[in-house]
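> I'll drop the sequence and a predicted model, then ask my questions.
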Amino acid sequence: MEDVYRHGDVILQKINNIIPTMKKGKTLTLAEGEVTGHFHVLKGDLMFAEKDNEKFVEILSNTAILTHQEHDTLELPQGKYKYLIQREVDLSGEIKQVMD
């Protein structure tokens, strides 16, 4: 069974496959709020990369903390993740990014 974590309009899916060459950091902004100006920020011992419009993060520490001004704090376990912004289909059939 897949490990999937949702935090507002951000979805993180735990993966096992190889991740492209990564950069190291302690803080990563996963998404910027288009409506409110708030941010989804992941803090911990991290490696991250983007390739072919796909975004990846590896949590090297035991856990990392995901915060946002309007959501509960989420603790994520060590591992490799692919993350994306949720999409929605409106009544006309148009696909749009979920606005947080």
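Nice, I can see it.
> who does the residue nearest in space to the middle of the chain bridge with?
Nearest to the mean C-alpha position of the chain, counting by CA atoms, centre = their mean, stands Y83 at 4.2 Å. Taking DSSP bridges as the rule, Y83 bridges to L12, K55.
> same deal with L74?
Assessed by DSSP bridges, L74 has beta-bridge partners L66.
> Neighbours of it, how many?
Neighbour count of L74, defined by other CB atoms under 10 Å: 18. For the C-beta atoms, the positions are set from N, CA and C on the backbone; glycine is no exception.
> Local confidence estimate at it?
Turning to L74, the model gives it a pLDDT of 89.
> With T21 instead?
Looking at T21, its pLDDT is 85.
> which ones are touching the closest residue in space to it that isn't next to it in sequence?
Nearest non-adjacent residue to T21, counting by CB to CB, 6 or more residues apart in numbering: A49, 6.3 Å away. Residues in contact with A49 (CB atoms under 8 Å, 6 or more residues apart in numbering) are I19, P20, T21, M22, K23, K55, F56.
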